[in-house]
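Engineer: my questions are about this predicted structure, shown below with the sequence.
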Amino acid sequence: MKNLLALATLAVLVSACQKETVINTPAEEFVSTLKFTVNGTVIELNGSLATYSYKGSAFRRAGNFSTGNYTLVAKDDGSVNSLRLPLHTDTVSATTYTVTVPTPNRTPDRERAGSCEISGIKYAGINSGDNFTLIISSIHDEVYADGTFSAQMSKDSQKIMITNGEFKNVKIVL
């Protein structure tokens, strides 16, 4: 009986001295929101593409998902409205990204200043002066970004202005 009591006491002491490992991850995914205005119309592309769904937004690597430059990608489930803003960097940080097309660009890399599809009509950063500015104001929980953006894109000679762009909890897919 003394041996049993000694073993029980030893087990309590050992378990009390063990260190608990805490992993700092959110209990559940944050809700991703992304919205902007084009010609007075508000477009919302909410949800997360990080889970490879067909609606929402994410910062994804171009081409191979483990290497390459990051792009902010957002779309609705019907591909009527979408947005792509390439950051031209292999890391995402809280900073300002700006791209301006210096001369008309019709090469395969023609969407250097991004692209969008609004009501099924595709626009891109292809003409001189087309541009975008994306500001990542914060990165939280190591993989979620918040920020703002604006852009000017073209379809032939027609230009559109993207204003009041805002995103919250957009996941950076590593």
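Structural biologist: All right, it came through fine. Residues are numbered from 1 along each chain as shown.
Engineer: for this structure, what spans make up the strands?
Structural biologist: For the chain, the strands defined by DSSP state E cover 33-38, 41-44, 56-61, 70-75, 82-86, 96-100, 115-118, 121-124, 131-140, 144-155, 158-171.
Engineer: please convert those to TSV, extending it with mean neighbour count.
Structural biologist: (Glycine included, C-beta is placed from N, CA and C.) Below are the strands of the chain laid out as TSV (neighbours: other Cβ atoms under 10 Å):
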stretch	mean neighbour count
strand 33-38	20
strand 41-44	13
strand 56-61	22
strand 70-75	23
strand 82-86	23
strand 96-100	15
strand 115-118	21
strand 121-124	17
strand 131-140	17
strand 144-155	20
strand 158-171	18
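Engineer: let me have the ones you listed in a markdown table, adding distance to A50 and mean pLDDT as columns.
Structural biologist: Shown next, in a markdown table, are the strands of the chain (distance: least, Cβ to Cβ, whole Å; pLDDT from 0 to 100):
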| stretch | distance to A50 | mean pLDDT |
| --- | --- | --- |
| strand 33-38 | 13 | 96 |
| strand 41-44 | 18 | 94 |
| strand 56-61 | 4 | 90 |
| strand 70-75 | 10 | 92 |
| strand 82-86 | 16 | 93 |
| strand 96-100 | 20 | 93 |
| strand 115-118 | 20 | 92 |
| strand 121-124 | 24 | 92 |
| strand 131-140 | 14 | 97 |
| strand 144-155 | 10 | 96 |
| strand 158-171 | 4 | 96 |
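Engineer: contacting residues around the nearest residue to S137 once chain neighbours are set aside?
Structural biologist: Of all residues not flanking S137 in the chain, G147 sits nearest, at 4.7 Å (Cβ to Cβ, 6 or more residues apart in numbering). Residues near G147 by Cβ atoms under 8 Å, 6 or more residues apart in numbering: L134, I135, I136, S137, S138, E166, F167.
Engineer: mind doing that once more with 10 Å?
Structural biologist: Going by Cβ atoms under 10 Å, 6 or more residues apart in numbering, G147 touches 72, 94-97, 134-139, 165-168, 170.
Engineer: and if you look at T95?
Structural biologist: Counting by Cβ under 10 Å, 6+ apart, the residues that T95 touches are L87, T89, L134, I135, I136, S137, G147.
Engineer: now do it, the pLDDT please.
Structural biologist: Looking at T95, its pLDDT reads 97.
Engineer: quick check: the gap between it and I121.
Structural biologist: 31 Å (Cβ to Cβ, to the nearest Å).
Engineer: about what we covered before: what are the bridge partners for the residue nearest to S137, then?
Structural biologist: I136, F167 (DSSP bridges).
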